[in-house]
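Student: kindly generate the corresponding structure for this input.
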Amino acid sequence: MTRQDVCERFVASVRHSTRLNMQVLEALEDRVTVRMPYSEDLVGNPDTGVIHGGAIFTLIDQAGGLANCCRLFPEFELTPTIDMRVDHLRAPRPGHGILCYSHCYRLSEHVAFVSSRVFEEEAEGVPSDLGEIATCLATYMRMKLPGQSRRGEG
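Tutor: Residues are numbered from 1 along each chain as shown. Coordinates of the predicted model:
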């Protein structure tokens, strides 16, 4: 089983991820790219057609957890969110999907540290050259599952 397989399986098992139609585009050693296509069901204000900030926040949180999963692979730990600081820089344009790039840049014994960058799509899987729509720094608690060792890195 690969990192990609584990991430796709995890997304498929979380109801809000499937309802938001999240798709894992890439799962590497310490990072992940997750796509959330545009849907009128995700619009916060029908007058503007812009995806609701809560859906974007959920995408970022899910992608951060998946970045942790990639970093810990082949082991698996539950990593509930401790804290998230999201800066919404601008609204995505109506009709455009969202891409989230999340990177688990440090593991301590008890905490995983993640940074995320969010872009609107120009075309499927291609970020717009208009720049970021949000950035995020987050921390996640590491919860070892019974019978597994804990891997901590400086």
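
Student: now for the residue nearest the centre of the chain: which residues touch it?
Tutor: In the chain, the C-alpha closest to the average C-alpha coordinate belongs to Ala63, at a distance of 1.4 Å (Cα atoms, centre = their mean). Ala63 is in contact with 32-34, 100-102, 116, counting by Cβ atoms under 8 Å, 6 or more residues apart in numbering. Quick note: C-beta positions are derived from backbone N, CA and C, even for glycine.

Student: may I ask you to name the longest strand in the chain?
Tutor: Assignment by DSSP state E gives strand 126-141 as the longest strand of the chain.

Student: model confidence score at Glu153, please.
Tutor: In the prediction, the pLDDT value recorded for Glu153 is 49.

Student: same check on Gly125?
Tutor: pLDDT recorded at Gly125 is 89.

Student: repeat that for Gly147.
Tutor: 66.

Student: for Asp61, give its distance to Glu124.
Tutor: Between Asp61 and Glu124 the distance is 23 Å, computed by Cβ to Cβ, to the nearest Å.

Student: closest one to Pro46 out of the contacts of Ala63, please.
Tutor: Sorting the contacts of Ala63 by distance to Pro46 puts Cys100 at the head of the list, at 24.2 Å, by Cβ to Cβ.

Student: so the closest one sits against Arg117, correct?
Tutor: Yes - under the contact definition of Cβ atoms under 8 Å, Cys100 touches Arg117, with a separation of 7.5 Å.

Student: so these two - more neighbours on which side?
Tutor: When neighbours are counted by other Cβ atoms under 10 Å, Cys100 comes out ahead of the other of Cys100 and Arg117, with 27 against 18.

Student: Ala27 contacts Thr2, correct?
Tutor: Yes - taking Cβ under 8 Å as the contact criterion, Ala27 and Thr2 are neighbours in contact, 7.4 Å apart.

Student: compare these two (neighbour count), which wins?
Tutor: Neighbour comparison, Ala27 and Thr2: the larger count goes to Ala27, with 21 against 10 (by other Cβ under 10 Å).
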